[in-house]
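Engineer: Give me the fold of what follows.
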Amino acid sequence: MSLRVHILDTGYCLASEHHVMRGGRRRTMACHALVALLYHPRQGWLLWDTGYAPQMLTATRRWPFRLYRWFTPLALDPAEAVVAQIARFGLRAHTSPPS
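Structural biologist: Below is the predicted model of the structure:
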């Protein structure tokens, strides 16, 4: 029995390399939002981070959050959202009502 790790890509934003890496060039690069889906043989499933979701487009429509999309344009596909991808593993998302 060992830990299983699945890396999921949930989309990306575009950013200037020199803003992301020391010594980076002045060119645009894709910064992928990766998620780790872990399976522990005794403890079960764990999701490390949630990546991007299609709701990010809605959440960044209005000021001041719109700045995020201006400076780091998003490339999101609903099929890449975590809630869609975990179905491959026989999982589904639980949502809690707001408290």
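
Engineer: The nearest residue to His40 once chain neighbours are set aside and Phe65, how far apart?
Structural biologist: Nearest residue to His40, sequence neighbours excluded (Cβ to Cβ, 6 or more residues apart in numbering): Leu3, at 5.7 Å. (Glycine included, C-beta is placed from N, CA and C.) Look at Leu3 and Phe65: by Cβ to Cβ, to the nearest Å, they are 36 Å apart.

Engineer: likewise Ala59?
Structural biologist: 6 Å.

Engineer: Likewise for Ala79?
Structural biologist: 24 Å.

Engineer: With Pro41 instead?
Structural biologist: Pro41 is 40 Å from Phe65, by Cβ to Cβ.

Engineer: So between the two, which is more surrounded?
Structural biologist: Phe65 (12 against 9; other Cβ atoms under 10 Å).

Engineer: which residues touch the more buried one?
Structural biologist: By Cβ atoms under 8 Å, 6 or more residues apart in numbering, the residues touching Phe65 are Ala59.

Engineer: Can you check the pLDDT for it?
Structural biologist: Phe65 is assigned 95 on the pLDDT scale.

Engineer: try Thr95
Structural biologist: For Thr95, pLDDT reads 70.

Engineer: any idea which helix or strand carries the spatially most central residue of the chain?
Structural biologist: Per Cα atoms, centre = their mean, the C-alpha nearest to the average position across the chain is that of Gly51, at 1.6 Å. Here Gly51 sits in a region with no helix or strand, counting by DSSP states H and E.

Engineer: Give the closest residue to the residue located most distally from the centre of the chain in space, chain neighbours not counted.
Structural biologist: Seen from the C-alpha centroid of the chain, the residue lying at the greatest distance (Cα atoms, centre = their mean) is Met1, 28.3 Å away. Nearest residue to Met1 in three dimensions, chain neighbours excluded: Pro41, at 3.8 Å (Cβ to Cβ, 6+ apart).

Engineer: Run a quick neighbour tally on the nearest residue to Arg26 once chain neighbours are set aside.
Structural biologist: Once flanking residues are discounted, Arg26 sits nearest to His18: 5.4 Å by Cβ to Cβ, 6+ apart. Neighbour count for His18, taken as other Cβ under 10 Å: 13.
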